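**Student:** here's a sequence, model it:
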Amino acid sequence: MLVHLLRRLGQSVLVLLAVSLVSFMVFRHIGDPTISLLGEDATLEERTALVEELGFNKPVPLQYLSYVGKVVQGDLGISYRLKRPVADVIAERLPATLELAFTAAVLALVIGVVLGVYTAIKKDGWLSRAIMTVSLVGVSLPTFLIGIGLIYLFAVELRWLPSFGRGETVKIGGWETGFLTSSGWAALIMPAITLGFYNMTLIMRLVRAEMLEVLRSDYIRFGRARGLHEKSLYFGHALRNTLIPVITIAGLQIGSLIAFAIVTETVFQWPGVGLLFISSVQGVDVPLIAAYLMFIALLYVVINLFVDFLYVLVDPRLRKK
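**Tutor:** Numbers count the residues shown, from 1 in each chain. This is a model prediction of the structure:
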């Protein structure tokens, strides 16, 4: 199993190198950094000095190696639009996105697994059928439409929740959080539901399908014949075997919560990296665009490695390989 994890780690490094190449091509060949950083009134000498400072006068392979070396050291360049280090800008916006994605992931996993198990055990009940019908909404409707519907109901009509922003935040060290304020939680509810609703319904339907398949297996019937308690069969045997494929899908979907939080952050004007990316695209802020690509790639790689580790914890058979 250690060999397998090391192999996966090597594959992850190759993936990051491939994404870094794409990111470098975006950084190198889109836009003119001399105009973005110096303005159109800059002299030829100033432009030439900046090109030499950025290393754009060197051969392309050397530029790529220099780019990778700077990325490894945390140097992601200077934002053309904000005139600040990209790493600092992302660090300011990252807590908002991570808190939103974390809350949405917890909602999706907890509610999705619970409802999936319930609808599998009580598959013929009226409540299970109602839940499955409602779940079609989460699978069918686009995220932005769910967000707009929540804003109309809870912000416009009922006026219970704010329709935009992050609310009041508290700074703890270098981390700015809204978890410690009532207005922060109020502002978080609708974006988290919007972002996690699709994943919740997807996980629920997946858990239900896998649970029904496991409950029809021979060892579950044998367990019933031996007189094992139903709860022991459901949660001690069936659910554990159900989680193997669920972990794969859930891991990838949780990664997508951050990668595709762009829509939710735009609808609710949530000040995270997704909204930052949209403004960067509109302003052709190439260093921020390239850094966002690298960040999302690193996120998916880390999540996939974590999923591989969870396999070992959930399935003891893998520990012997």
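
**Student:** enumerate every residue touching F268.
**Tutor:** F268 sits next to 147, 151, 163-165, 190-191, 194 when contact means C-beta atoms under 8 Å, 6 or more residues apart in numbering. To be clear about C-beta, it is placed using only N, CA and C from the backbone, and glycine gets the same treatment.

**Student:** which of these are buried?
**Tutor:** When those are checked for burial by 16 or more other C-beta atoms under 10 Å, the buried set is 147, 151, 163, 190-191, 194.

**Student:** let's have those residues in CSV, adding pLDDT, distance to G69 and secondary structure.
**Tutor:** What follows is those, written out as CSV (pLDDT from 0 to 100; distance: C-beta to C-beta, whole Å; DSSP: H, G, I helix; E, B strand; the rest coil):
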residue, pLDDT, distance to G69, secondary structure
G147, 90, 41, helix
I151, 93, 45, helix
S163, 88, 44, coil
M190, 94, 42, helix
P191, 94, 37, helix
T194, 92, 39, helix
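
**Student:** next, format the contacts of F268 as a markdown table and append distance to V51.
**Tutor:** As requested, the contacts of F268 are exported to a markdown table (distance: C-beta to C-beta, whole Å):
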| residue | distance to V51 |
| --- | --- |
| G147 | 44 |
| I151 | 47 |
| S163 | 46 |
| F164 | 41 |
| G165 | 41 |
| M190 | 47 |
| P191 | 42 |
| T194 | 44 |
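
**Student:** any regions of this protein where pLDDT drops low?
**Tutor:** Where the chain drops to pLDDT under 70, the residues are 1-5, 27-39, 54, 218-240, 311-321.

**Student:** which residue ranges of it form helices?
**Tutor:** Ranges of helices within the chain are 2-29, 33-38, 44-54, 60-72, 86-121, 126-140, 143-150, 182-215, 218-225, 230-231, 239-259, 261-268, 273-282, 286-314, based on DSSP state H.

**Student:** these: which one's closest to G174?
**Tutor:** For the helices of the chain, proximity to G174 was assessed by C-beta to C-beta; helix 86-121 is nearest, at 7.6 Å.

**Student:** tell me how far the residue nearest to T264 when sequence neighbours are not counted lies from I258.
**Tutor:** Sequence neighbours aside, L195 is the residue nearest to T264 in space, at 4.4 Å (criterion: C-beta to C-beta, 6 or more residues apart in numbering). Using C-beta to C-beta, to the nearest Å, L195 is found at 9 Å from I258.

**Student:** which one of the two is surrounded by more residues?
**Tutor:** Higher neighbour count among L195 and I258: L195, with 32 against 25, using other C-beta atoms under 10 Å.

**Student:** relative to V13, how far out is that one?
**Tutor:** Noted for L195: a distance of 30 Å to V13, by C-beta to C-beta.
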